[in-house]
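Trainee: model this:
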Amino acid sequence: MHPDSEGRRWLKQVLPTLPVDPSLYPQQIDLEQNLALMIQMAEEDYERAAFLDERVISPSTRGSWLPLRGLLEMRGRIRRHLPPAWLFHIGHCGSTLISRLLGAHPHLLALREPATLQMLAYARRAADQETGPELLELCLALLSRSFRKTQRAFIKPTSDCSNLIEPLLGTDREAPAILLYVSLETYAATMLRAAALRADIENRHPARSRDLESRLGKPAQACTDDAQRVAVSWLSSMSAFAQAANACANRVMWLDFDDFLVSPQQYLGEAAAFLGAPLAADDAATLVTGPLMQRYSKNPAKGYTAAIRQEQLRDSRDRCGDEIAAAIDFAENLGKRFAAIAMLHEHFRRTD
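Mentor: Model prediction:
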């Protein structure tokens, strides 16, 4: 989206409401040009969007670029009704479904994968240091606004944002966070089952390997195949979770997605209560037996169920069993060298 006179007129008209109005959404930040793209987002737009990246922009979207300096100057005037809540995840573990289910609560405004946070995560790695705290504070303040006094923002960053978990929770010490994951065995069966998922692991490996090494304090071990790269990806995210849990124990809730699928009503109720948005048992039952559990959350036009997922995992375990075992062996060998990995051993395999 390029600057134009109509966009600038719109922005000038709505800018006074920015400190309190989430309908003026920071879709993108350009650090090279020191600009922020602000677009108009109604509450139903947030509800529909699986991703708050470039895919949320359509030909009818109203928006314009704003000098980042101006937003930073407004930082102290931005107001929220409640502290945000977080859904951090390791990727490909049901996070969009959990976000949609909890986002159906009237007291939670679900934001799925804001591009601004992903940009900050990339910038932090590239600089090999923390991105300026004022920019992190600005993004957090803007994303924390909600439409009603009883509503809190429920933010799901991408799995690439594990290096932001501690800074985000440290910046806002009232914010609760769900840590969503699956066992290493399930994750390996998921990521090794298809060529596109293997390519995803390979593309993300340099960043996740670097993140893991930064937490371990030294290089772990060079990876030579997909199984090892899968293990590193899982260990990178899970070590970030463990580090955050150690620092903010009373503010995090671990949630195994496979446990959730066994008892969805129970875990949905527990998660909602943890976020300060209690859910009546009947309402939880309606949600977990409704259409959200029957559709592919990233593309609701496509049918997808827990039974289909289980069939895909069974097929992957049959075809890729040796690689799955190799991923676990790789993690166990690293656990002999690093205490931070050994402490994750209970999550390598499911015990049921």
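
Trainee: so Asp258, which of the three states?
Mentor: helix (DSSP: H, G, I helix; E, B strand; the rest coil).

Trainee: I'd like to check what contacts stretch 254-264. Which residues are they?
Mentor: Stretch 254-264 is contacted from outside by 93-94, 98, 178-183, 186, 241, 245, 267-268, 271, 288, 293, 306, 309, 347, 350, 352, using Cβ atoms under 8 Å, 6 or more residues apart in numbering. Yep, even glycine has a C-beta here, placed from its N, CA and C like the rest.

Trainee: go on, stretch 67-84?
Mentor: 18-20, 26, 29-31, 34-36, 134-135, 137-138, 140-146, 148-155, 172, 174-175, 276.

Trainee: Now the buried members of the contacts of stretch 254-264.
Mentor: 93-94, 98, 178-183, 186, 241, 245, 267-268, 271, 288, 293, 306, 309, 347 (16 or more other Cβ atoms under 10 Å).

Trainee: Give me the subset of those residues lying in helices.
Mentor: Mapping those onto helices (DSSP state H) picks out Ile98, Thr186, Phe241, Ala245, Tyr267, Leu268, Ala271, Val288, Ala306, Arg309.

Trainee: Do I have it right that the third one meets Cys93?
Mentor: No. Because the distance of 11.6 Å does not satisfy Cβ atoms under 8 Å, Phe241 is recorded as not touching Cys93.

Trainee: so what's in contact with the two at the same time?
Mentor: Tyr181.

Trainee: Among the ones in helices among the buried ones among the contacts of stretch 254-264, which has the minimum pLDDT value?
Mentor: For these, the model is least confident at Ala245; its pLDDT is 94.

Trainee: And for the nearest residue to that one once chain neighbours are set aside, the neighbour number?
Mentor: Spatially, and ignoring its direct neighbours in sequence, Ala245 is nearest to Val252 (4.9 Å; Cβ to Cβ, 6 or more residues apart in numbering). Val252 has 22 neighbours, counted by other Cβ atoms under 10 Å.

Trainee: List the beta-bridge partners for Val252.
Mentor: Val252 has these beta-bridge partners by DSSP bridges: Ala177.

Trainee: contacting residues around it?
Mentor: Pro176, Ala177, Ile178, Leu179, Phe241, Ala244, Ala245.

Trainee: again, but for Leu292
Mentor: Leu292 is in contact with Leu97, Arg100, Leu101, Ala104, counting by Cβ under 8 Å, 6+ apart.

Trainee: Which pLDDT does the model give the second one?
Mentor: Meaning Arg100. On the pLDDT scale, Arg100 gets 98.

Trainee: Downstream of the helix or strand where it lies, the next helix or strand is which one?
Mentor: For Arg100, the host element (DSSP states H and E) is helix 95-103. Next helix or strand after helix 95-103 toward the C-terminus (DSSP H and E): strand 108-112.

Trainee: Now tell me what touches that following strand from outside.
Mentor: With Cβ under 8 Å, 6+ apart, strand 108-112 has contacts from 22, 43, 46-47, 49-52, 85, 96, 99-100, 102-103, 143, 146-147, 151-156, 272, 275, 277.

Trainee: List the strands paired with it, with their directions.
Mentor: strand 152-156 (parallel).

Trainee: Let me know the angle separating the strand it pairs with from helix 95-103.
Mentor: Compare the direction of strand 152-156 with that of helix 95-103 by axes from the mean of the first three to the mean of the last three Cα atoms, to 10 degrees and you get 170 degrees.

Trainee: Averaged pLDDT, strand 152-156. What do you get?
Mentor: 98.

Trainee: No further questions, thank you.
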